[in-house]
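# How does the following fold in three dimensions:
(one chain, ligands or ions: 2)
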Amino acid sequence: MTQSWGQFKSFEGRQFKALDAEFTAEVGRLLGGQDLSACFQCAKCSAGCTVSDKVNIQVHELMRMLLFGLREVLETDMVWLCTTCYTCQERCPQGIEITDIIFGLKNMAFRKGIAPAGYLGARKGLYDTGRLYEATDWEREDLGLDPVPRLDVRDTQKMLDSTGLMKLEESED
Ligand code: SF4
Ligand code: SF4
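Ligands and ions are numbered 1, 2, ... in the order given. Now for the predicted structure:
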């Protein structure tokens, strides 16, 4: 088991008791979820996963948890540390759309109030400033570049408002 990241903790030694068929059915309705039961645990997805050394469960274990109806899967950092590189999806011999399922899990987790603080901060920062990172003037003059252009944040906010990003509340359940 690797060192856990952010707010999420290792599952080592934890007992899972409730197998929730409704949760498995819910995941089955996600984009890609229709083929969930085709997973035969070959772990080829995990063998190619780009964050396998950073997460508290591996992606094939995530798939197993989904099939077993373990809602605790939403508390795993695999859900949030997945870089959506699609390597697992490309490698899966069963053609399961694993990355698309993980996208859906992110949404499910967020609605239950499970999200790393960094993501929430990034959302607010993007809305408030129109940028994820503050651009600096460092070395621009030396490189013959103009000063960092001013940004009208209202344009960004209008666009983000149209996506409903800021209306998406944590813990809607
Ligand atoms: S590669 Fe596909 S079949 Fe193999 S464990 Fe991963 S999801 Fe399951
Ligand atoms: S899409 Fe996510 S889970 Fe799949 S290999 Fe990439 S980082 Fe790992």
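# Flag every buried residue along the helix or strand of the chain with the lowest mean pLDDT.
Every helix and strand of the chain was ranked by mean pLDDT, DSSP states H and E. The lowest is helix 117-129, at a mean of 88. Under the neighbour-count criterion of 16 or more other C-beta atoms under 10 Å, helix 117-129 has 123, 126 buried. In short, each C-beta sits where N, CA and C put it, glycine included.
# Which positions in this structure make contact with ligand 2?
Taking C-beta under 6 Å from any ligand atom as the contact definition, the chain meets ligand 2 at 48-51, 59, 82-88, 98-99, 102.
# Tell me which other helices or strands the least confident helix or strand of the chain touches.
Contacts defined by 3 or more C-beta pairs under 8 Å, 6 or more residues apart in numbering; DSSP states H and E place helix 117-129 against helix 153-163.
# Might you specify the subset of the residues of the chain next to ligand 2 located within strands?
Members of the residues of the chain next to ligand 2 lying in strands (criterion: DSSP state E): none.
# among the residues you listed, which ones are buried?
Members of the residues of the chain next to ligand 2 classed as buried by 16+ other C-beta under 10 Å are 48-49, 51, 59, 82, 87-88, 98-99, 102.
# Kindly identify which of these also come near ligand 1.
residue 98.
# got the buried ones among the residues of the chain next to ligand 2 as CSV, with pLDDT columns?
Below are these laid out as CSV (pLDDT from 0 to 100):
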residue, pLDDT
48, 96
49, 97
51, 93
59, 95
82, 94
87, 97
88, 97
98, 97
99, 97
102, 97
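# Before I go, just wanted to say thanks for your time.
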